[in-house]
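Engineer: would you be able to build a 3D model of this:
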Amino acid sequence: MRDAVSSDLNQNRVRQSFRRGLASYHQHARAQADIAAGLVQVLRAQGAPERFDNVLEFGCGTGHLTRPLLQSFDIHHLTLNDLVAEAAPGLGALTKTRTDRTHFTFGPIETVPLPSELDLITSASTVQWISDMPALMARLSARLSPGGWLALSGFGSAQFHQLRRLGSSAAAPSYVDAPDWSALLPRDVELLHVAQTPIVMLFDGAIDLLRHLRNTGVNAQAEQRWSRGRLMEFEDSYRSQFGHDGKLPLTYDPVWMIARKCG
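Structural biologist: Numbers count the residues shown, from 1 in each chain. All right, here's what the predicted structure looks like:
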């Protein structure tokens, strides 16, 4: 079921958190890289064409999805969107051979001007930050051509469940489990595929786990300030409730979704 516990989204805090983690994100966001590669594989497996004329990727970040997308498909024109403009320089190596066919746009996907007549809209590990998912799905559908593809990955309700059990405010506003995706799509968009498989990362201690969250910017909603005593208390609680073979597990709960606009 959709998680209704999340607090209101502070978009400025999200923007600041991802801007702060941008330099370290690509190296440390191993789960997000695997999720993005998996999204492209699922899109191919669902029968997507080898060529797309007009593609939008939002939440492009450092290019974890952009790279396998360009490697797997012949894309004529690509629009890349991210919340923070500082993402653009890091994508230069991926787009230097196609600068005349790549356009950057920055700002919230809910309000930034979007191209029309798209035949693919895609995004990996971004939609969990959207407060009003049905409204965004309707907006994206309106920009798709008939027969256009929608390929998205988000996270389900088990995302970072260990942190939430310990009282963290790191949750994003829209964790959506696989069975609930169909209800978010407009009537003219057909759900083709949805899957949900957790990824568990293991850390030696609380400092390593918290450093991972900071380096990837995924704790954008967190407000916790750490003293030495608070850190020791956090690690003791984490180990007693979730510790496994001396490690601290952290669960990512990715959901992959492929849909098409009716032709």
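
Engineer: from here on, just use CA atoms for contacts and neighbour counts.
Structural biologist: Fine.

Engineer: distance of Pro113 relative to Gly243?
Structural biologist: The gap separating Pro113 from Gly243 is 46 Å, by Cα to Cα, to the nearest Å.

Engineer: got it, and Thr251?
Structural biologist: Summarising the geometry, the distance separating Thr251 from Gly243, computed by Cα to Cα, is 12 Å.

Engineer: just to revisit the earlier point, between Pro113 and Gly243, tell me which one has more neighbours.
Structural biologist: Gly243 (19 against 11; other Cα atoms under 10 Å).

Engineer: nearest spatial neighbour of that one, skipping sequence neighbours?
Structural biologist: Setting aside the residues directly before and after it, Gly243 is nearest to Pro249 in space (Cα to Cα, 6 or more residues apart in numbering), at 6.7 Å.

Engineer: cool, Thr66 as well?
Structural biologist: Nearest-residue entry for Thr66: Cys60, 6.8 Å, with adjacent residues in sequence omitted and distances by Cα to Cα, 6+ apart.

Engineer: who are the contact partners of Glu57?
Structural biologist: When contacts are counted by Cα atoms under 8 Å, 6 or more residues apart in numbering, Glu57 touches Thr66, Leu78, Thr79, Leu80, Asn81, Ile121, Thr122, Ser123.

Engineer: and which of these is nearest to Arg20?
Structural biologist: If you rank these by distance to Arg20 using Cα to Cα, Asn81 comes first, at 18.0 Å.

Engineer: my read: that closest one touches Phe106, true?
Structural biologist: Yes - under the criterion of Cα atoms under 8 Å, Asn81 makes contact with Phe106 at 5.3 Å.

Engineer: how about Ala124: what's its closest non-neighbour residue?
Structural biologist: In space, and not counting its chain neighbours, Ala124 is closest to Ser153: 4.7 Å by Cα to Cα, 6+ apart.

Engineer: give the phi and psi angles for the one you found, as a check.
Structural biologist: Geometry field for Ser153 lists phi and psi as phi -130, psi 140, criterion degrees, to the nearest 10.

Engineer: tell me what it is bridged to.
Structural biologist: Partner residues in beta bridges with Ser153: Ala124, Trp256, with DSSP bridges as the criterion.

Engineer: next SSE downstream of whichever strand or helix holds Ser145?
Structural biologist: Using DSSP states H and E, Ser145 falls within strand 144-155. Proceeding N to C from strand 144-155, the next assigned helix or strand is helix 161-165, under DSSP H and E.

Engineer: which strands and helices sit next to that next one?
Structural biologist: For helix 161-165, the contact count by 3 or more Cα pairs under 8 Å, 6 or more residues apart in numbering; DSSP states H and E identifies strand 248-252 as packing neighbours.

Engineer: any idea of the angle the strand it packs on forms with strand 144-155?
Structural biologist: The directions of strand 248-252 and strand 144-155 differ by 170 degrees, with axes from the mean of the first three to the mean of the last three Cα atoms, to 10 degrees as the criterion.

Engineer: what about the residue nearest in space to the middle of the chain, distance to Asp245?
Structural biologist: When the chain is reduced to its mean C-alpha position, the closest residue under Cα atoms, centre = their mean turns out to be Ser125, at 1.0 Å. According to Cα to Cα, Ser125 and Asp245 sit 29 Å apart.

Engineer: next one: Trp181
Structural biologist: As for Trp181, its distance to Asp245 is 35 Å (criterion: Cα to Cα).

Engineer: quick one: which of the two has more around it?
Structural biologist: For Trp181 versus Asp245, the count of surrounding residues by other Cα under 10 Å is larger for Trp181: 19 against 9.
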